[in-house]
Every structure is written in structure tokens, then in C-alpha cells.
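Enquirer: Sharing a model that was predicted from the sequence below.
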4 protein chains.
Amino acid sequence: MAEWIGIGRRARRCYGFDEIALVPGTISVNPAEVDTLWSLRELEFKVPFIASAMDGVVDVSFASAMGKLGGLAVLNLDGVQARYEHPEEAIAQIIEGDVEQTTNIVQRLYKEPIKEPLVSKRIEEIKQAKVPCAVSTIPQNAERFGAIAQEAGADIFVVQSTVTTARHIAKAYQPLDFGKFLKTMKIPVMLGNCVTYEQGLELMETGADALLVGVGPGAACTTRGVLGVGVPQVTATVDLAAARDFYYKKTGRYVSIVTDGGMRNGGDICKAFACGSDAVMVGSAFAKAKEAPGGGYHWGMAYPHSSLPRGTRIYVGTTGTLEQILFGPALTDDGSQNLMGALTTCMGTIGAKTIKELQFTEIIIAPSIQTEGKIFQQVQRVGMARK
Amino acid sequence: MAEWIGIGRRARRCYGFDEIALVPGTISVNPAEVDTLWSLRELEFKVPFIASAMDGVVDVSFASAMGKLGGLAVLNLDGVQARYEHPEEAIAQIIEGDVEQTTNIVQRLYKEPIKEPLVSKRIEEIKQAKVPCAVSTIPQNAERFGAIAQEAGADIFVVQSTVTTARHIAKAYQPLDFGKFLKTMKIPVMLGNCVTYEQGLELMETGADALLVGVGPGAACTTRGVLGVGVPQVTATVDLAAARDFYYKKTGRYVSIVTDGGMRNGGDICKAFACGSDAVMVGSAFAKAKEAPGGGYHWGMAYPHSSLPRGTRIYVGTTGTLEQILFGPALTDDGSQNLMGALTTCMGTIGAKTIKELQFTEIIIAPSIQTEGKIFQQVQRVGMARK
Amino acid sequence: MAEWIGIGRRARRCYGFDEIALVPGTISVNPAEVDTLWSLRELEFKVPFIASAMDGVVDVSFASAMGKLGGLAVLNLDGVQARYEHPEEAIAQIIEGDVEQTTNIVQRLYKEPIKEPLVSKRIEEIKQAKVPCAVSTIPQNAERFGAIAQEAGADIFVVQSTVTTARHIAKAYQPLDFGKFLKTMKIPVMLGNCVTYEQGLELMETGADALLVGVGPGAACTTRGVLGVGVPQVTATVDLAAARDFYYKKTGRYVSIVTDGGMRNGGDICKAFACGSDAVMVGSAFAKAKEAPGGGYHWGMAYPHSSLPRGTRIYVGTTGTLEQILFGPALTDDGSQNLMGALTTCMGTIGAKTIKELQFTEIIIAPSIQTEGKIFQQVQRVGMARK
Amino acid sequence: MAEWIGIGRRARRCYGFDEIALVPGTISVNPAEVDTLWSLRELEFKVPFIASAMDGVVDVSFASAMGKLGGLAVLNLDGVQARYEHPEEAIAQIIEGDVEQTTNIVQRLYKEPIKEPLVSKRIEEIKQAKVPCAVSTIPQNAERFGAIAQEAGADIFVVQSTVTTARHIAKAYQPLDFGKFLKTMKIPVMLGNCVTYEQGLELMETGADALLVGVGPGAACTTRGVLGVGVPQVTATVDLAAARDFYYKKTGRYVSIVTDGGMRNGGDICKAFACGSDAVMVGSAFAKAKEAPGGGYHWGMAYPHSSLPRGTRIYVGTTGTLEQILFGPALTDDGSQNLMGALTTCMGTIGAKTIKELQFTEIIIAPSIQTEGKIFQQVQRVGMARK
């Protein structure tokens, strides 16, 4: 709904997770009997959760663990994994540094060149665990690493930057031609991030298999503060789902919509699916896993930007194993553990037997209540965030 | 009013207690002369307040005290009362434990099986005080305990789960047939919780005498954070009252609407009646009574869920006797004492001589003011909440 | 604008001071040349500010000081002034007590009977200073004290309770017949409090000369939390101003509208006039004066209620002389000093040469900004509030 | 969009930076290739940033540094620079004083008369650095200093007060006739501040070259709290841009719109341009520069007002060189450094190749998220603010 923000100028009202809630159904379903399958071409995932391509979250062993539990993890080729033979040493420097110096340390560590043999090596290491392997890079490196990744046996290739458009204008360099690039890739390719219908539709037309949705909403991201740019995730996801459904109707090809970032607990994840997501990409929640290389810390991908860092190092603590985070039993009551239990219980409560049914459930606008508990948790988290 | 939250997707704006206020009348009434009667079949209550079926709030002696003061308390058959011969010992473990370990302790304690003889015993103990006896259980245990409770002399039977629908789908087990079950019960039955018109109407059609309204709003409840599911209490109560009035017009049978949870002070309770409630179910307010077994602590019924706990242990402190909380004199000015005084004074100010008149009073949308006092109280309560 | 808050139920959106702002004019005026006169029958006040009938704010010497500066102060006949020969001793007990015990102390002190000779004495003391004298009481005491006050030489009589209606229903006692009572009074009478058009119109029809507007908004008042009742001051003032203008058009008699409570600084006071007020009644701002008997503390009139106290003791500190608070120079920048300077500067900025022009200035809806400064001030005030 | 705020009274909903966000484009542009030029008659600025005429921000050497980096700084002729031969000593007193005494100290220091030779001297000192020189004064001093400034070689003259209208009414003195005054000035003149279409249009008609937009939004300003007057910057900027475009269409003369105040980070600055600004005037951000004379402190121009101070001394700390603040590399991630990098990256992300294109980008209404990080930053800043 467009509102006048001044003379001759209208702006559309957009919504975020905090502003909506889901409505219990007239029918309910046994949570143990709902179907959460997500598929990307012939790949099938019982757990429609993807761990973000963040250095504090995904390394080879995390990817293995995630794959064995039925989900997917994306290894960041532009981070420390392909720059250092022993990435754990670089990570140790980042998490041991004083918070004031972190930006400097991160910027310095990410100046080390990416080594192509390490790209192949990481992929092969993941494949040895007999799990699906996904790796990511920025558009500038897509052609170079795409070929290597495909060669090394990766199952999914992700091309990701803060905002990715099908049409990028530059004179100083030759922008990536996504359509041409995608024709060279035999494995499914995910592109992102995007937040608008038009932007999404153009990316679908390049041949992408899935789109990552989200600009500016993540906990470790300060894009909206630094650039003023960002669309709240509810509206972004609803819009991209509409683009997907239009494109599917027109072409018969189904492009998955993956909400990426801004989900702080099980409730937000359930809402993302209710807005139309096929799968969700999550960082903070998985940074809390024992398997995460960051030891309870994580930081955004735009963080190491040499002149305009957007992101911050956040301490979330290690709260349990990845299995616990995904399947419980939850030892905490804040919605950060047993995310699959939350999703299936939500589906049961809503009366949705499949993700597809969840995507059409009733949403209400219900501003979140600032209860004491919530304020307490925020204060507590703030206290921990900068340890 | 439905708003667009994205392309092709509308959401209805729902309201909570914080967002509304009541308007003084053109006529006012002497508060001492208003009528607050609530009746459930032949049972009559001068105090339209029901104490929640929470282990920190209701035990046998609390139920006796509440009944003698003219109200009703519900004893939870799925909690410690029917699991332990000496439930006070189990409660002591919960309230003495460190807050980090509480979830574990609670989960362990609630694994002890429920003993049928204890179910009968508790009911008989309450009846010895010559007060109305109400007990509650979850749908899975309704048939088993319903018969026992009726036999033992209970006056009201409550079947309650986070969300209860008349139609539950499951292959692994046989869902409770509410219509069939209710035919076996001679005493009034309350069902809940529900939040939508359709869900409520179907529950009324099963033969229920009263419905509990509220999903996700309580202080000790984190359903909305964990599952994303919840409807603010103002809209939920207004909708269920509309369903009640429609059903009454159609069938001549009056089903009471009981707002359950989310009311933090006398003001919220008055608002619940103004939204259409016939009675209110309250947890936190009564946990502060000297008679409450939790000694100033309380915790939600979904808290002990073995793999997906939703709820938390909250410290509210012991602030006075139950009589003081219900009838004053209030020693505090925060609306937590003399709840009946607040209700009758509100009715006098509004010009409502009966609860029925209060149900039709004018409501305004008036976002609550974050005054210093309020912030202070929140900070103070947060400080106490996790002692 | 009415919004649906649930099925079949609409609620009007009301506004408070925090949500609006005033717009600079196309013309501006030298602040030194604007006219702020307020008149009540033949009485004229250059300073359209009335000090609230609160024991922490107004005593005889404060009333003298206020009158000499061109404003008006109301002495509360139901407080300590007419109960104790030496009211300063009672006040000392209230402000020296621990905050937890204040409710008790206040309740005990206000049980002392009111002495009629003290009523006369206080009025005579104020008149000795040759300033206008206003005294207030609750409706139950109006007939008794009205006659005495008139006899003793009071210039204005105020009948005030939380909510006052022209029609009060009671069997246990004979409600005050305002129309009849007002015929017995030769001096101007102010009635309150009220917040709705209908309620105000009926009070005007009883013969009142001015109405006090405000239920639940004051800093020392918790009516909305305790009873759920209250209307934000912007909407209440606009509505009552509309009632005044309608009544004036119909009868030719002008009844002053006095916004009472909820104004925390010069900005809020300017907004009250812009909403249609003829004068404002202020408590907190004057409690900060060296002349205020509360020594930096104040408390609401509903505070000593024996069974349902609504109000709290608030510490605002002593920040300057009454002259400084009214005329500056302000030593602080938070809008709490030089209130007349703020009003005239606002009028100059707006381009309003009289209060009447200010009453028609453009208002915008502009949610207040939670800047760091504001948060800091709130935290700081909270820290002081319960010293 | 006008809403009813009471019977017979409507108010327009206005918006601030916190409530909006910008939307990524379908096309994106290499940030290094966007054009940020701002021109004022024949003067051209690659950096469309103007440092506010505040004593804690701009002195001669700051103005030189700013000019050399491609931007503009305004020296305040009514501040300490033209009152004291050695202004650094006066500034030292302000920043070393206890926060409670600052108002007094500032008021005393600004009572020293302005010396005309110092006006000329400061201008000549800035011109020696071969950078554009801008100086400001209030309307009362405009004629006197305008002539001197022009004579001394200033390039831009700024006439600024809290609210400036083309028509000011006063009997006690002769108001400045802007039209007449502007005819005497050969150099470009900026006027302000204004916030409404009509007010802006009348100021344009006097011959102004640029208008400063903003009443009440700045961090060091408390106009809205003290006077109740203020318009949020999004609506104010959009409205003034509409006035500019109308005036340009009608007359062919382009008057620059400069948003002044209320921008706390790069994001807010980008939003100001998106609302229609041609350049932005910033105080807080530049007060953090090593070159700023305030040593990390700044204070508003209405602060020293002798009887009604509106503003406060704020501590923002010194975080880097001016070059770092403008061009990075940013050592922090909060959007306070590399403002030009933020602007160009925003333009690239939006797909805007020029400021003119940025002025027409899509804006959405997206209430800002109160994340933990943000709350932490606010708490931290509050802690620092009153050191």
C-alpha cells in the first residue's frame, strides 16, 4: 500500500518478521507427519535449511555434518578457506582480537590471495564425506571458480554479492554476463542477493536455479545503516515468491526462493516459509553450533570490504551440537534450538502438511510485543555481543 | 483491515492490549453497585477470574482459597500434582535450580508418570474445601482423566493445549473426537486454546461450554518466538466473542469466552472484558499470591516439552495475599493488586452496570506511552525476572 | 479514523503529544509581540498556565508566587492543606519515606479528616497576597466546600475527580447534581476531568466555566495501567475544543478548555494550545520550582485512594525558581524552563499572534525520534524517579 | 496522507529517515563510475557535503581541509570565531566545563561582541588556502556582515536561523527584507532553515541560490522538545524538492536544496539525496574529524540563546581524519566513515549514475529494526555523550 511521504512522492509500506505472525488453522496436523522436502533439480533435502557462506559458520567438517543431517552448507571460496592452507589459524586471529581491532585484522587477512588448488581441495574434502557440496563466490570470480568447482565435483554453485543484478554497468571492467556464464555450468546455480520482483525475474531469466533473497536484514550486516539500502524480508520474500510463481506459470521452470538472513529464531524461519520461501539460508543460528569454526563468533561477507566495511563480528556463543540446533532436544526456550521441530510443530499448528501448503497460510500484521523477557534477552545478548 | 504485505498477499492488522484503551462514559456508575457475575451452566462466580492451570500457581490449597473468595482455579493434571505424592518437593527443585538448568530439571521432573489415584485424590481434596473444583489435561489424556475426574466429583473439566482444533489429522494415533468425548461428560467442559472465529465455532459445535482464548501472548510463553504463531489478544477476543454471539443467535446455547494470558495488570483485564470476554484466565497475577505454590515463580505448560520447550520460568515475587490481589487494599500502584476493585472502578468509570454492558463499551486505538515510569518498571522487573 | 480491531468491532485511532509536531509558518512573528492572554469571565491571566491541585506543588506561598507572576495555582482542599494545621510536616513524612512505604504513608496521612476552618484559612491566606485564589475538591465535597470557599473569598472553584460526568448513577448515596450546584456558585467553576465530546458537552450544559481535559496521561498517574481507561491528550483536547466551539455557536457562552496533564516540556504545552486549549494545567513542571512544597517530589490526587491507589510519588528535583520556570533564563536545554518563552517563541515561529491563532495552526503526525539524547534523559530520569 | 486526529481536525503523516529505506535497482552501476557533482552557480563541488556552521566543527583550518578534499565548510560569524582573537581558548572552556555548567559557560562566552575586523580576517585566512569560502550569520546581522564578507572575498554567504521566513512581522525592529538584501549580494546566498513548500517557494522568490532544509532534527538540537515545532527530514526534503522543481519549471532558475541535520550515518545521507537533496549539510559526522576544533564535542547554534537555549553539547569523540570520514578506508562499520564511499556504493547499488538519478529512486516505508547491535550502539553512545 503506497503512502504519500511528501508532495508528489509515494512510498510502499514494506514489512519485516517482527511485524507479522501466523494464524493457527481450523485443522491441525500431527507434526511428525508433515513433509518438509526441498528439491533443487534432482537434489533433495529433507532439511530445507542452508548454512550461510560465512567463515565463522562453514568449513569442511561443518559442511559434512550439515549434509549428513539432511541439510546443506555453503563454503565461501572468497574467505579464509581458499586463502589459507590452515584456515583455522586465520579464524583464531579474528576471534581472539579485541573488537575494536577486528575490522583491521579481518581486512588484512582477506588481502591474502585466493589459491585455486585450495578451491579444489576444499570441494574434494567435502565430497569425501559423501554429502552434497555447495561453494560460493562473488560475480567477479564466478567464471574462474565456477569451472574449477564443477571440475572438482561441487554439486551446487552459488554466486553471491550484497546486491546482484542481471545488468551491471561498468566501463573499467567487463561485468559478468550471467546468461552466458550459466550456460557453462552443468550443476545448479544459486544467485543473490535480490529483493525486488523485477530484479528477481531478470535473474531467473539468466537460468538460475535458485535465488537468495535479502539485502540488509542480517544480524551481522549493517548495509541499511551504511548505504540506506534494504527491503524488509517479509515483503522481499512475498515479492520474490510472486515472481517465481509468475515465471513458473510462464515457462514451466521452478526457481527456488531462498530467504537469506534476518531470521533470529524458529519463529522467523517459519514466517519466511509462510511468506513463500522454498528453503532458508541461516547464519547466526548455525554459528552457535559446536561444529561451527568460529567458536561462537561470526561475521558478514561484506565485513572485510577494504574501504567500506559493512558488517560486524558478533558473538553468539556455542549453545549445542548442530544436531541439537536442527532436531533438538532444545535446552533453551528462545527458539534457537530444534529448528526442524519448530518448523514441523508450526506446520502442525497451522494445519500445513507440506511446505507448499505452509506457503499459502494466513499471515496477520501483529507488531511484536516488547515484553520484559524480550528486553531482557536483548540486553543479555548485547552484553555478550562484544565480549 | 487488510494491508498489502507484498505482491498479491494481504494481511489483516490485529491488535494487542498495549494498543488500545477504554473511553470514559457519558454516564458513570458507583463502582460498589456494578454486577460482575459470570455463570457456567448452573455454576455462578461473583469473581470472573480463573487461575491458570500452572504448577507454580494452583495446588489444592490455592484452589480452596480461590473458591472461597468467589473465583475459580484450575488444577493441572499433567503437572506435578498428579505425578508426585508430594508435589511441593518437585516444585522446590524447579524454583531452587539455577535458571540455566531449569529447562533440564523441569523436563526430567515431568517424565515421571501420572498416577490415576493422585488425580482422584487431588479432586477430592479440593472438594473437601466445599469450593468448585476444576481440573485440566491435554487432549491425549482427556478420555482417560475425564472419566476419573467426573467420578471423583470435579465440577468443571478443562481440555487445553497450545492450539486445539476440532479436527486434528494424524495417522500414527487416533485423534480425540471432541464431539464424542463431550457426550460422555456430564459436567461443563472448557476447551482451548483457540484464536480464530472458525476454529472457535467448530469447537462450540462439539458441545463445549466455554472456550479459552489465547495463543502466544502469556508472559511465560514463547510460542510466537519459537513457532511464529500467535494472534494478539484484542483481536482474538473480539473475534471469538463474535463467534459466540453468532452461535448463540443460531442455537440459543451460550458458550463463555475466557481470555487466557497476556494480561499484565488490572488495565489489561478490564480491556479483555471490553473486547467481549465473559471471564479471564490469569497466571502471572496469581503467581504473586502468598497462597501460590511457586513461591513467586511460575512457568508455562508448554515449558516441559521434551524436545521443543516453549516457555520459561519467570520470577514475579510474592506481593500479597490472594485476597489482597483480588480485593485489595492495594499496597502497590502498578495495577497488580485489587483486580476486582480495578474491574468495578473501570465499570463505574465507563458507565457499565454489568459485564455484558462492559462488553459493548467504546474502545480506542491508543498506542501505549513509554513513560519513564514504565521503562523503570520494565527494567526493574527484568532485574527480578531471572534471579 | 476508525479501524477494524476484530470481527464487527471498530476502534478510533487517537493521538498523543509524542505523535504530533507543529509546522513553521510562512509568516513568522517577533515572539516579544505575541499575545498570550487567557480570560475566565472577568478574570484575566497573561500567563495561561495553571498549577495542578497537587500537594507536592501548590500551597499558600506557591499560589501567591504564581499569582504574582500572572498565572494561577489551584489549592487542593482534599489534600494535606485542609487536614493539617501544619501541612509541611505531613509533606515531610511523604517525601522522606522509602518509596516502597510511600503508598502506606500517604494513605494513612489522608485519613485525617478535613477541617472546615482550615479550608477558609487557606483561602484567606492566599487572598492576603492579593492574587486570584482557586481551590479544588471532589464532587462528593463540592456542595460543602463550595459554599465555604465562596464565603472565604475564593475567585475560582474547581470540582475535579479522575472522571467526572454530568450523570452519575448510585443508589447508596445521592450523586451531586451539577446543574443545581452551579446555580449556587457565583464565582467561576471549573469541572473535570473529561475526555469526550459528549461528556464535555453535558458538563458545559450544567453551567461550567471551564473544563479540565485529561484522563490517564499524567506522569504521576497510572489510571490507564490500573483501569485500562484513558484517551491520549491530542485527541481529547481536539474533541473538547470542538465541543466548546459547537456550544459557543449554539449558546454564545464560551467555556474554556484546559488541557490537564501529560505535558512533559514546553513542546508538549505548545502542542496542547495548538490542539485547541485555552490554558494548560501542569503538575510536574511546577513541582521543580523552589517554591513547590514537595521539595522536588510530587504525587497524584488518586494516589491516596485507600484500596485502589492510582499514581505514584515521582522525584523531579528542584531545578530553579518559579520565575525561571515560567520566564527563564533557562539553565537547561530540555524544555522544562522558560515555558512562557517557549510558548511565545513557538507562536512566533508558527506565525500566530494570539492563542486563538495558535489553536488553528497546522499539526502533522510525526512520531517522535528516539535519539540517544532522549534515551539518555529517560534513563537519567528513571534513575532519579525513585530516589 | 491526512488522518483525523480528533473531531474536525486532520493532520498529515510525515516521515523521518528511520522510517524509510532505498530499494536496490534492476540495473547496478560500478560505484567508481558514478558522478556526485554539485554546483552552485559557477562553483562546482565533487563532494556534495557541507560542514555545518558550528563552532565545534568549522574553523579556518577545518575549512581549508574540507575545501581541499572537494567539499565545503561554513564558518559561523556569530560564534566564537569572530568574537575572539583566539577562538581556540573559548572552545577549550566549553569542552572542558562540566556538562551541567556548559549552558552557562556558552551563554557567557557568546555575549562577547562580534568584531568586524575578525570577520574579514577569518575570510581572508580561508581564502589563503585557495579553497571556496562560505560564512554564515543570522538574519539580523545579514546586511552588516554580507557587505564585509563580499568585500573580504567570501564565495558563498549563508543566512541561517532556526526558522527563516520571507515575511517576518515585528514592530520593535525593522525585519530584514530578503529580496532587497539579496540584490546587494553578488556572491551566491544560501537561506535557511525551512521545511515547507510555501515557505521554501517564498524564499526562492527572494533570489536565494540554495535553501537549507531542516527544523528540529539534528542530534545537537532540541527545538522539537522545547517548542513542539519540527518536520521530519524525509517529508521536509521531498516537499522542498517539489518546490524547487516547480520553481525551476516556472522560472528556469535552479535553487539547490540542502538537507541540513538529522543524518546520523551514511545511510541517512544517501536517503536525503534520494528524497531530492542536491547537497547535504552535516554536523555530527564532521565533529568526529581530527581537524574539527571541538575535539570530539559539538553544540548547536541555538544553544547559546540567552533565555531559551535549544541544543546541547554532545560528545561524539574523534574517530579519524576528515579524509577518512569522507573517503575511507573506514575503520568502523557503523556508517560514520567513508561517507563518499557510502554514497557512491549506494548509487551503484540503486543503479543511479548521477545525483539527479538518485533523486528519483524508489523509496519504501520500512520501519527500522531495533536490533541488538543498534541498541548496544545507542547505549554506548549515551554513555559517551555526557562524558
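Expert: That came in fine, so what should we check first? Here the structure is a predicted model, which means the values were calculated and not measured.
Enquirer: just the strands in the stretch 51-200 of chain A please.
Expert: For the stretch 51-200 of chain A, the strands defined by DSSP state E, counting those that start in this stretch occupy A:72-76, A:134-137, A:156-160, A:167-169, A:189-194.
Enquirer: So the fourth one, near chain D or not?
Expert: Yes: applying C-beta under 8 Å from any C-beta of the partner chain, one finds strand A:167-169 in contact with chain D at A:Arg167, A:His168, A:Ile169. All C-beta atoms are positioned from the backbone trio N, CA, C, and that covers glycine.
Enquirer: Distance of the first one relative to D:Thr251?
Expert: Relative to D:Thr251, A:Arg167 is positioned 38 Å away (criterion: C-beta to C-beta, to the nearest Å).
Enquirer: Between the two, point out the one with more neighbours.
Expert: A count of neighbours by other C-beta atoms under 10 Å in any protein chain shown puts A:Arg167 above the other of A:Arg167 and D:Thr251, at 15 against 11.
Enquirer: in terms of contact, does that one touch D:Val29 like I think?
Expert: No: assessed by C-beta atoms under 8 Å, A:Arg167 is found out of contact with D:Val29, at 9.7 Å.
Enquirer: and the closest residue to A:Gly328 other than its chain neighbours, how many residues sit next to it?
Expert: Nearest residue to A:Gly328, sequence neighbours excluded (C-beta to C-beta, 6 or more residues apart in numbering or on different chains): A:Asn338, at 3.0 Å. By other C-beta under 10 Å, the residues close to A:Asn338 number 27.
Enquirer: do A:Phe62 as well
Expert: A:Phe62 - counted by other C-beta under 10 Å - has 22 other residues nearby.
Enquirer: bridging residues for A:Glu3?
Expert: Beta bridges link A:Glu3 to A:Ala11, judged by DSSP bridges.
Enquirer: Would you indicate which residues of the longest helix seen in chain A are buried?
Expert: Of all the segments of type helix in chain A, defined by DSSP state H, the longest one is helix A:233-251. Residues of helix A:233-251 classed as buried by neighbour count (16 or more other C-beta atoms under 10 Å in any protein chain shown): A:233-247.
Enquirer: ok, now stretch A:101-121?
Expert: A:Thr102, A:Thr103, A:Ile105, A:Val106, A:Gln107, A:Leu109, A:Tyr110, A:Ile114, A:Leu118, A:Val119, A:Ser120, A:Lys121.
Enquirer: With respect to B:Ile269, which of those residues is nearest?
Expert: Distance to B:Ile269 across the buried residues of stretch A:101-121 (C-beta to C-beta) is lowest for A:Thr102, with 49.3 Å.
Enquirer: Tell me how far the closest one lies from C:Ala279.
Expert: From A:Thr102 to C:Ala279 the distance is 58 Å (C-beta to C-beta).
Enquirer: How about A:Pro309?
Expert: Going from A:Pro309 to C:Ala279 by C-beta to C-beta gives 55 Å.
Enquirer: how many neighbours does the nearest residue to A:Arg167 once chain neighbours are set aside have?
Expert: Nearest residue to A:Arg167, sequence neighbours excluded (C-beta to C-beta, 6+ apart): D:Ile27, at 4.7 Å. Neighbour count for D:Ile27, taken as other C-beta under 10 Å: 18.
Enquirer: Quick check: of the buried residues of helix A:233-251, which lies closest to C:Phe178?
Expert: A:Val234 (53.1 Å).
Enquirer: before we move on, the earlier item: so the helix or strand just after the longest helix of chain A, near chain D or not?
Expert: Next along the chain after helix A:233-251, taking DSSP states H and E as the criterion, comes strand A:256-260. No: on the criterion C-beta under 8 Å from any C-beta, strand A:256-260 is out of touch with chain D, staying 13.9 Å away.
Enquirer: Contact residues of the stretch 201-350 of chain A facing chain D?
Expert: A:202, A:215-217, A:219, A:222, A:224-232, A:235, A:303, A:306-312, A:314.
Enquirer: from those, which ones fall inside helices?
Expert: A:Glu202, A:Arg224, A:Gly225, A:Val226, A:Leu227, A:Thr235.
Enquirer: SS state for the closest residue in space to the fourth one that isn't next to it in sequence?
Expert: Ranked by C-beta to C-beta, 6+ apart and with sequence neighbours excluded, the top spatial neighbour of A:Val226 is D:Gly335, at 3.9 Å. Here D:Gly335 takes the coil state, with states given by DSSP: H, G, I helix; E, B strand; the rest coil.
Enquirer: list the contacts for D:Gly335?
Expert: By C-beta atoms under 8 Å, 6 or more residues apart in numbering or on different chains, the contact set of D:Gly335 is A:Thr222, A:Gly225, A:Val226, A:Leu227, D:Arg264, D:Asn265, D:Gly266, D:Gly267, D:Ala342.
Enquirer: What about the fifth one, how many residues nearby?
Expert: Counted with other C-beta under 10 Å, the burial measure for D:Arg264 works out to 22 neighbours.
Enquirer: Repeat that for A:Leu37.
Expert: 13.
Enquirer: Now do it, the pLDDT please.
Expert: On the pLDDT scale, A:Leu37 is placed at 98.
Enquirer: Same question for A:Gly8.
Expert: Looking at A:Gly8, its pLDDT stands at 94.
Enquirer: Leaving out chain neighbours, which residue sits closest to it?
Expert: Residue nearest to A:Gly8 in three dimensions, not counting chain neighbours: D:Ala242, with 5.1 Å by C-beta to C-beta, 6+ apart.
Enquirer: State the distance from the one you found to B:Gln160.
Expert: Using C-beta to C-beta, one gets 58 Å for the distance from D:Ala242 to B:Gln160.
Enquirer: Same question for A:Val58.
Expert: 43 Å.
Enquirer: still on that earlier bit, pretty sure the residue nearest to A:Gly8 is touching D:Glu198, no?
Expert: No: at 11.3 Å, D:Ala242 and D:Glu198 do not qualify as touching, with contact defined as C-beta under 8 Å.
Enquirer: check contacts around the residue of chain A found nearest chain B.
Expert: For chain A, the residue closest to chain B is A:Val238, as judged by C-beta to the nearest C-beta, at 2.5 Å. Contacts of A:Val238 were listed using C-beta under 8 Å, 6+ apart, and they are A:Cys275, A:Gly276, B:Ile5, B:Gly6, B:Ile7, B:Gly8, B:Arg9.
Enquirer: Export the residues you listed as a markdown table, with columns for secondary structure and neighbour count.
Expert: Listed next are the contacts of A:Val238 as a markdown table, based on DSSP: H, G, I helix; E, B strand; the rest coil; neighbours: other C-beta atoms under 10 Å in any protein chain shown:
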| residue | secondary structure | neighbour count |
| --- | --- | --- |
| A:Cys275 | coil | 30 |
| A:Gly276 | coil | 26 |
| B:Ile5 | strand | 26 |
| B:Gly6 | strand | 25 |
| B:Ile7 | coil | 16 |
| B:Gly8 | coil | 13 |
| B:Arg9 | strand | 22 |
